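Asks: quick one, structure for this:
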Amino acid sequence: MIVNTAADMQIYHEELAPQLPKRIFDAHVHIWQLDAFPPGFSFAPRETSSYFEHQFSLEFWRRCMQEILPEQEVGLLAFPMPHNLADRDKAPEVQGETEFASILLSPADPVEVLQQRLLKNKAVGVKPYLNFAADHHQKSLADLEICDMLSPAQLDYLNQAGLAITLHIPRSLRFADPVNQRQMLRLCRDYPRIRFIFAHVGRAYFLQNIRQSNISELADCPNCYFDSAMVNHSEVLRYCFDHFPAERILFASDAPIALLHGKSVEVNNQYTYLMAEDYEVGSSIYDSKKSLQFTTFFYEQLRAILAACPKQHQEQVFYHNAINLFRGCAKL
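Replies: Modelled structure (predicted):
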């Protein structure tokens with residue numbers, strides 16, 4: 001087995017398979033190989049990026065999906081690994097009609113280069129990231145704002161092209177931050193042809209964070225989407241479904257991190273990752289005594305979506321919302 005234990009397979013066959021649709025689209029997967037990095041590069045031993053021998057290829061992802069979702073057809077939106085040393089010219093070489101790629105983006109990238117990379121890689125959008133913006137603006141990660149992550153010229157081009165932006169928002173309060181809220185709303189209104197996909201449900205991993213968000217305002221923006229990557233809190237997801245159109249919520253995992261064993265838990269309006277393996281994921285607690293038996297974050301996310309999403313919307317959220325979105329971008 002690549003990922004699953006016998007206990008994981010029991011969870012899949014007895015609990016998940018009877019409820020899951022036969023097609024699933026994962027809207028947030030990191031795919032990269034070591035040739036995207038300088039010779040001799042490797043990740044630190046406890047970084048999750050080192051778990052699968054420092055790279056996670058599309059072929060390996062496909063094999064993982066055959067193991068953990070053996071009864072499903074699975075598609076994906078693939079991003080490279082957003083690392084400062086990564087070659088932003090490279091993107092995953094997706095194949096077929098249910099695999100799509102996005103490219104990495106720094107605010108330093110000229111529009112001409114952005115356009116060339118999109119065309120070269122037949123990409124449906126971009127993935128800006130905090131470290132690229134911090135490096136370009138010489139700011140600390142704590143001081144970054146969403147508006148630092150893309151240049152006005154990049155936004156104008158992406159709006160004209162009608163492509164997607166998957167955005168991991170900054171700032172310690174995440175979705176509850178008033179600055180983030182104003183800028184999320186302004187971007188959606190000012191650039192109506194861009195599909196803004198706010199990753200990790202706006203990084204709302206605990207309930208108070210989403211309750212203090214402006215998700216109801218964003219619900220009125222038809223180009224605003226949320227992906228569910230690494231959110232396994234069913235009440236957070238239920239709040240999202242109660243206040244935002246299910247037609248614009250995308251199932252996402254954040255693989256390969258999601259293929260590790262563990263669970264995100266809420267503690268006094270905070271969250272932490274309980275880890276079965278000794279790897280660091282944000283604020284994490286490692287079960288060094290092996291006191292608990294964990295399943296994968298991937299399965300915990302499936303559990304949470306199934307618990308939170310109304311039955312009549314599950315096929316949309318698990319598959320149709322994303323496939324229609326990215327096929328639309330690919331035709332433009």
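Asks: hmm, Asn131 and His83 touching each other?
Replies: Yes: between His83 and Asn131 there is a contact under CB atoms under 8 Å: 7.5 Å. C-betas here are computed from N, CA, C, even on glycine.
Asks: neighbour count: the two, which is higher?
Replies: His83 (18 against 13; other CB atoms under 10 Å).
Asks: what segments of the stretch 1-150 of the chain are strands?
Replies: For the stretch 1-150 of the chain, the strands defined by DSSP state E, counting those that start in this stretch occupy 23-30, 73-79, 99-105, 125-128.
Asks: can you redo the ones you listed as TSV with mean neighbour count, mean pLDDT and distance to Leu185?
Replies: Formatted as TSV, the strands of the stretch 1-150 of the chain follow (neighbours: other CB atoms under 10 Å; pLDDT from 0 to 100; distance: least, CB to CB, whole Å):
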stretch	mean neighbour count	mean pLDDT	distance to Leu185
strand 23-30	24	98	22
strand 73-79	23	98	24
strand 99-105	24	98	21
strand 125-128	25	98	18
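Asks: for these, which one sits closest to Phe56?
Replies: For Phe56, the closest of the strands of the stretch 1-150 of the chain is strand 23-30, at 6.5 Å, according to CB to CB.
Asks: what angle do that closest one and strand 99-105 make?
Replies: With axes from the mean of the first three to the mean of the last three CA atoms, to 10 degrees applied, the angle from strand 23-30 to strand 99-105 works out at 20 degrees.
Asks: in whichever strand or helix holds Ile305, what counts as buried?
Replies: Using DSSP states H and E, Ile305 falls within helix 297-308. For helix 297-308, the neighbour count (16 or more other CB atoms under 10 Å) marks 297-306, 308 as buried.
Asks: list the contacts of Arg195.
Replies: Contacts for Arg195 were tallied using CB atoms under 8 Å, 6 or more residues apart in numbering; they are 125, 162-165, 223, 225, 325, 329.
Asks: in strands, which of these appear?
Replies: Judged by DSSP state E, the contacts of Arg195 include 125, 164-165, 225 as members of strands.
Asks: closest to Ala246 out of these?
Replies: Tyr225 (11.2 Å).
Asks: pretty sure that closest one sits against Ile197.
Replies: Yes: the criterion here is CB under 8 Å, and Tyr225 meets it with Ile197 at 4.4 Å.
Asks: so what sits against both of the two?
Replies: The contact lists of Tyr225 and Ile197 share Leu250, where a contact means CB under 8 Å, 6+ apart.
Asks: residues in contact with the nearest residue to Leu237 once chain neighbours are set aside?
Replies: Spatial nearest neighbour of Leu237, chain neighbours left out: Ala308 (3.6 Å); criterion: CB to CB, 6 or more residues apart in numbering. Shown in contact with Ala308 (CB under 8 Å, 6+ apart): 234-235, 237-238, 240-241.
Asks: with Phe226 instead?
Replies: Shown in contact with Phe226 (CB under 8 Å, 6+ apart): 197-198, 201-202, 240, 244, 248-250.
Asks: so which of the residues you listed belong to strands?
Replies: Per DSSP E, strands hold the following members of those: 197-198, 249-250.
Asks: restricted to buried residues, select these in ChimeraX.
Replies: Command for ChimeraX that selects the buried part of the ones in strands among the contacts of Phe226, burial taken from 16+ other CB under 10 Å:
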select :197,198,249,250
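Asks: thinking again about what came up before, of all the strands of the stretch 1-150 of the chain, which lies closest to Arg62?
Replies: Arg62 lies closest to strand 73-79 among the strands of the stretch 1-150 of the chain, at 8.1 Å (CB to CB).
Asks: sorry, back to before: make a ChimeraX selection of the buried ones in the contacts of Ala308.
Replies: Selection of the buried residues among these in ChimeraX, burial being defined by 16+ other CB under 10 Å:
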select :234,237,238,240,241
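Asks: would CSV of the contacts of Ala308 with distance to Asp143 be doable?
Replies: Listed next are the contacts of Ala308 as CSV, based on distance: CB to CB, whole Å:
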residue, distance to Asp143
Ser234, 33
Glu235, 31
Leu237, 30
Arg238, 33
Cys240, 28
Phe241, 33
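Asks: quick check, nearest of the contacts of Ala308 to Glu53?
Replies: Checking the contacts of Ala308 against Glu53 with CB to CB, the nearest one is Leu237 at 32.5 Å.
Asks: report the contact partners of the closest one.
Replies: If you count contacts by CB under 8 Å, 6+ apart, then Leu237 has 201, 228, 231, 304-305, 307-309 around it.
Asks: same question, Ala6
Replies: Contact analysis of Ala6 by CB under 8 Å, 6+ apart lists nothing.
Asks: ok, it to Pro70 distance?
Replies: 14 Å (CB to CB, to the nearest Å).
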